[in-house]
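Peer 1: I would like the atomic coordinates for the input below:
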Amino acid sequence: QPATATEIAFYATDIKSTPAGVEAIIHCNAIEEKPDTPPFKLMLRTPGIFNIENALCAIGAACAANISIPSALKALTTFPGIPGRMELIDEGLPFSVYIDFTVTPFSYRSTLSSLKPMLAEGKKLLVLTGSCGDRMQEKRPEVGKIVSEYADICVVTNEDPYTEDPEKIINEVWAGIDQTKTKASKITDRTEAIKFIVSQAQAGDIVVICGKGSDTTMWVKTGQVPWNERDIVRGILQEIKKTLPPAPITTSPVAKDKEELSSRNQLDGLRIGAEIARNKVQMQQQHHQFQQQAAQKLKEEPNKKGE
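Peer 2: This is a model prediction of the structure:
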């Protein structure tokens, strides 16, 4: 049964999500000590509207532990996020790349439905997807179906196959992909799949690499093999950045003021230098004229004596 307004301890309004995070107004009801607590503005550094739900749970738990709401909000505002959970991998490229430990249909819908509204008009959501082996077999086509609903471009690839054949898992996810809704590809090698989907991104697009998060290994038939997706993605983005033309240099207002002052000083110096040079030339001309007049006088003196 839905709770009434007076039964709700905390709720959020004015939720706004951006590539850098999410913000909302947090309202507090049913607090015996302070029933008229005013709303608070909360800004999280972790994107995704679902993180506001997580924040509400955290505030409720903090209050139960006798931690004040302002203290809880401050902790949430400074919280940097969990590695591999909607983690932005920023290497200075003109599009956003996230790594997220998205594996279930529910988490796919939550993640992708949070990312899609963050796009500007005409920009694309690119999704790398897959499924792990030895479990969730019946959910693989469902994952593909959900990805089709949100992704403009998607790639189905290997994830953690365990003892299963990676190609079989990929095909089962692919069975749910609706190719009339999304531009889809199958690439078994995960590194090559990441390289491909990132290469398709344009300025303003969002890329999300799903499935592995902060894992440092991948499970295959022979056991665990080293796999650090965060480092791999960062390395790929760095290589892409090397191929791009240098970005235009932007100058901060302070530095701009300093440059303008330096330019004015240089101009003033040039003007002073030019004035000194002109004066020097004039002095040389006057000196030369004086010498000529003196020489002329010396020539005229003997003539006067002879007369």
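
Peer 1: ok, residue 102 - contacts?
Peer 2: 108, 111, 208, 210-211, 213 (C-beta atoms under 8 Å, 6 or more residues apart in numbering). All C-beta atoms are positioned from the backbone trio N, CA, C, and that covers glycine.

Peer 1: show me those that map onto strands.
Peer 2: 208, 210 (DSSP state E).

Peer 1: would you list the contacts of residue 102 in JSON lines and tack on distance to residue 102 and pLDDT?
Peer 2: Formatted as JSON lines, the contacts of residue 102 follow (distance: C-beta to C-beta, whole Å; pLDDT from 0 to 100):
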{"residue": "108", "distance to residue 102": "5", "pLDDT": "96"}
{"residue": "111", "distance to residue 102": "5", "pLDDT": "94"}
{"residue": "208", "distance to residue 102": "8", "pLDDT": "97"}
{"residue": "210", "distance to residue 102": "4", "pLDDT": "97"}
{"residue": "211", "distance to residue 102": "6", "pLDDT": "95"}
{"residue": "213", "distance to residue 102": "8", "pLDDT": "93"}
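
Peer 1: ok, so of the contacts of residue 102, who is nearest residue 237?
Peer 2: Residue 237 has its nearest neighbour among the contacts of residue 102 in residue 208, at 13.8 Å by C-beta to C-beta.

Peer 1: which non-adjacent residue is nearest that closest one?
Peer 2: Distances taken as C-beta to C-beta, 6 or more residues apart in numbering place residue 98 nearest to residue 208, at 4.6 Å, with adjacent residues excluded.

Peer 1: out of the contacts of residue 102, who's nearest residue 119?
Peer 2: Nearest to residue 119 among those, with distances taken as C-beta to C-beta, is residue 208, at 11.6 Å.

Peer 1: picking that back up, ok, of the contacts of residue 102, which come out buried?
Peer 2: Among the contacts of residue 102, those classed as buried by neighbour count (16 or more other C-beta atoms under 10 Å) are 108, 111, 208, 210-211, 213.

Peer 1: hey, where'd the strands end up in the stretch 151-300 of the chain?
Peer 2: Applying DSSP state E, counting those that start in this stretch to the stretch 151-300 of the chain gives strands spanning 153-156, 183-186, 206-210, 217-220, 223-226.

Peer 1: so which of those is nearest residue 80?
Peer 2: Distance to residue 80, taken as C-beta to C-beta, is lowest for strand 206-210 among those, at 19.0 Å.

Peer 1: CA-only coordinates of the closest one in PDB, if you can.
Peer 2: These are the backbone C-alpha positions of strand 206-210, laid out as PDB (Å, rounded to 0.1, in the frame of the first residue of the first chain):
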ATOM      1  CA  ILE A 206      28.000   9.000 -24.000                       C
ATOM      2  CA  VAL A 207      29.700   5.600 -24.000                       C
ATOM      3  CA  VAL A 208      29.000   3.100 -21.200                       C
ATOM      4  CA  ILE A 209      31.100  -0.100 -20.800                       C
ATOM      5  CA  CYS A 210      28.900  -2.500 -18.900                       C
END
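
Peer 1: please renumber so the chain begins at 19
Peer 2: Noted, 19 is the first residue going forward, which turns the last one into strand 224-228.

Peer 1: same for it, what does it pack against?
Peer 2: Applying 3 or more C-beta pairs under 8 Å, 6 or more residues apart in numbering; DSSP states H and E, we find strand 224-228 packed against strand 114-118, helix 123-133, strand 143-147, helix 208-217.

Peer 1: quick one, which of these gets closest to residue 247.
Peer 2: strand 114-118 (5.9 Å).

Peer 1: got the angle between that closest one and strand 224-228?
Peer 2: 20 degrees (axes from the mean of the first three to the mean of the last three C-alpha atoms, to 10 degrees).
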